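Chemist: Sequence first, predicted coordinates after that:
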Amino acid sequence: MIRVRNEMFRHIEELTNRNERLQAENKELRGENQKLRAENHSIHQRLEKLESSYEQRIEARIAQAIERVTKPLYERITKLEEDNSRKDTEIQRLKAQINKDSSNSSKPPSSNGFKKVANNREHSGRKTGGQPGHKGHKLTIPENLEELVKDGKVQHEIIDETCGAKRYVSDWTIGMKVMPIYIEHRRANGTLPSIRYGTEIQALSIYMQNVGMMSLERISEFFKVVTDGLISLSEATILSFSRNAAERIDLEPLIHDLLNGEVLHTDDTSIKTTQRYELGASEVETVEHTTFNAYVRTYSNATTTLLMANARKDEEGVKHDNILTRFFGILSHDHEAKFYNYGTKHAACGAHLSRELKGMSDLCMLSWAGRVRSFFLEMNRKKNEDLSRKKACCDPPILLEYEAQYDALVEEGAAYLTGMHKKTIGFDELRKMVNRLRGFKDAHLLFMRDYTAPFTNNLSERDLRHCKVKQKVSGCYRAWQGLLDYCKIRSLTDTAKKRGLNVLFAIRSCLLS
């Protein structure tokens with residue numbers, strides 16, 4: 001029993017010792033477990049930091065890689081956008097240049113080619129057709145028919161179908177007979193007999209060539225047809241008619257009338273010739289298969305037209321004409337620098353200015369130009385309204401208001417110009433126009449300050465238009481003398497037309513002088 005008890009105590013002691021060892025080991029394990037947990041927590045924190053760091057580094061690397069790949073692309077896109085912008089600007093500039101014609105710039109109508117130019121006339125609001133006060137024209141019998149018959153100017157034939165009735169109704173037919181007349185001049189013997197063409201044939205030939213713009217071949221054909229082949233003019237003969245007439249024309253009365261007028265219109269246009277003439281040269285130069293530029297300059301007013309051919313368009317040519325050098329009055333022209341050296345006052349052409357402003361508004365999208373154009377058209381409307389009421393000048397308060405508005409528009413254009421880039425479409429046009437309006441205010445407003453001054457120089461344009469028609473018919477002048485003769489004859493005929501005279505009578509009078 002004692003032995004059993006001792007074994008039990010020993011067994012209990014062993015269990016107790018073992019339990020203590022286990023508790024010590026458990027405590028040690030708990031400490032290690034806490035340490036491991038702390039290490040595990042630290043590792044987790046480090047892992048989280050590493051993951052965050054790696055994500056940031058990966059994102060940074062990805063961003064760098066993307067930037068490295070996309071940067072050249074963005075640079076190329078930017079360059080392409082800049083190139084496209086420059087191309088668009090250049091395209092707009094070229095379109096504006098191509099779309100310029102006689103309706104929106106100072107280019108002449110001859111430069112339009114086959115381009116269809118829209119009518120740029122402002123609508124007046126009036127109905128089409130003859131206006132009140134317009135002198136109508138209808139087919140009538142001259143009241144002085146008997147006097148004309150006595151003078152041999154007309155023939156009066158009567159076809160009587162009344163069978164003797166005292167009351168009748170007359171139906172009239174107006175006709176014309178064209179037949180050659182052979183006039184025999186008998187004189188005593190002395191000199192050899194001669195034969196020549198009469199004044200009527202010469203005058204009609206000169207008219208058809210220089211006024212009717214018919215070619216020499218067609219003029220010859222006309223006389224051959226209407227005379228049933230009895231009269232056949234050679235081209236040399238037709239040219240000799242014009243040469244003979246030009247030699248007899250005295251231009252001094254025309255020059256005297258122009259120099260003593262208040263207003264003188266001037267302009268010039270180019271024309272082709274196969275002979276070249278230099279100022280001061282004694283002879284002309286002819287080069288085969290080559291044409292040269294000559295210039296026809298007009299000096300005109302309401303009653304007189306003077307055309308002069310010149311080898312030069314510049315101021316040397318103007319001095320050679322010796323017209324403007326002797327003129328002291330209002331000179332109307334198309335704002336050409338050379339003309340500002342002559343005359344006492346200058347009236348710049350408002351029609352040319354209006355076309356240029358229209359081109360700036362339509363082609364360069366400059367709304368300022370449209371407002372300036374409307375301003376000038378409004379002033380011209382006011383002037384025409386005053387003239388219709390027989391007013392000799394503009395009311396001073398209204399004129400002061402117009403001048404103030406003119407200055408305000410110029411300053412508005414200058415302010416707008418400062419905000420534009422130099423390569424912007426319309427920059428050069430706006431800069432030139434602002435400088436022009438600022439520097440030549442007197443020339444552009446003279447038509448309002450002095451109602452004698454015209455708003456346009458269209459009178460010169462009309463006086464020169466036939467030169468282009470003539471060139472289309474003949475292609476060019478083969479002789480310099482032919483151009484000189486044409487200018488003298490047209491000076492005579494155009495002046496006669498302006499003065500209400502019979503053009504054929506003027507030519508006949510010249511031939512008989």
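Modeler: Thanks, I have the structure now. Fair warning: this is a prediction, and the values are worked out from it, not measured in the lab.

Chemist: From now on I want contacts and neighbour counts done on CA atoms only, so please keep to that.
Modeler: Will do.

Chemist: distance between the lengthiest helix in the chain and the chain's centre?
Modeler: When every helix of the chain is counted residue by residue (DSSP state H), the longest turns out to be helix 2-98. On the basis of CA atoms, centre = their mean, to the nearest Å, helix 2-98 is displaced by 77 Å from the centre of the chain it belongs to.

Chemist: Could you tell me how far the helix or strand just after it lies from the centre of the chain?
Modeler: On the C-terminal side of helix 2-98, the nearest following helix or strand under DSSP states H and E is helix 145-150. Shown here is helix 145-150, whose average C-alpha point lies 52 Å from the average C-alpha point of the whole chain (CA atoms, centre = their mean).

Chemist: what's next to helix 145-150, contact-wise?
Modeler: Contact partners of helix 145-150, identified using CA atoms under 8 Å, 6 or more residues apart in numbering, comprise 154-156.

Chemist: export the residues you listed to a markdown table and tack on distance to residue 49?
Modeler: Converted to a markdown table, the contacts of helix 145-150 look like this (distance: CA to CA, whole Å):
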| residue | distance to residue 49 |
| --- | --- |
| 154 | 124 |
| 155 | 126 |
| 156 | 127 |
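
Chemist: got a markdown table for those residues, with neighbour count too?
Modeler: A markdown table is the format used below for the contacts of helix 145-150 (neighbours: other CA atoms under 10 Å):
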| residue | neighbour count |
| --- | --- |
| 154 | 13 |
| 155 | 15 |
| 156 | 9 |
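
Chemist: ok, of those, which one's closest to residue 297?
Modeler: Nearest to residue 297 out of the contacts of helix 145-150 is residue 154 (CA to CA; 39.9 Å).

Chemist: In three-state terms, how would that closest one be classified?
Modeler: Secondary structure assignment for residue 154 (DSSP: H, G, I helix; E, B strand; the rest coil): coil.

Chemist: Pretty sure residue 444 is one of the things residue 345 touches, is it not?
Modeler: No. Counting by CA atoms under 8 Å, no contact exists between residue 345 and residue 444, whose distance comes to 10.9 Å.

Chemist: ok, those two, which is more surrounded?
Modeler: Comparing residue 345 with residue 444 by other CA atoms under 10 Å, the one with more neighbours is residue 444, at 23 against 17.

Chemist: Show me what the strand or helix carrying that one packs onto, helices and strands only.
Modeler: In this structure, residue 444 is located in helix 441-449 according to DSSP H and E. The contact analysis (3 or more CA pairs under 8 Å, 6 or more residues apart in numbering; DSSP states H and E) places helix 441-449 against strand 345-348, helix 367-388.

Chemist: These into CSV, with extra columns for distance to residue 308?
Modeler: As requested, those are exported to CSV (distance: least, CA to CA, whole Å):
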stretch, distance to residue 308
strand 345-348, 21
helix 367-388, 31
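
Chemist: Let's have those in JSON lines, adding mean pLDDT and distance to residue 456.
Modeler: Rendered in JSON lines, the data for the helices and strands packed on helix 441-449 read as follows (pLDDT from 0 to 100; distance: least, CA to CA, whole Å):
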{"stretch": "strand 345-348", "mean pLDDT": "96", "distance to residue 456": "7"}
{"stretch": "helix 367-388", "mean pLDDT": "94", "distance to residue 456": "10"}
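
Chemist: looking at those, which is buried most?
Modeler: Among those, judged by mean count of other CA atoms under 10 Å, the one packed with the most neighbours on average is strand 345-348 (a mean of 25).

Chemist: Check which helices and strands that one sits against.
Modeler: Packed against strand 345-348 by the contact rule (3+ CA pairs under 8 Å, 6+ apart) you find strand 330-333, helix 441-449.
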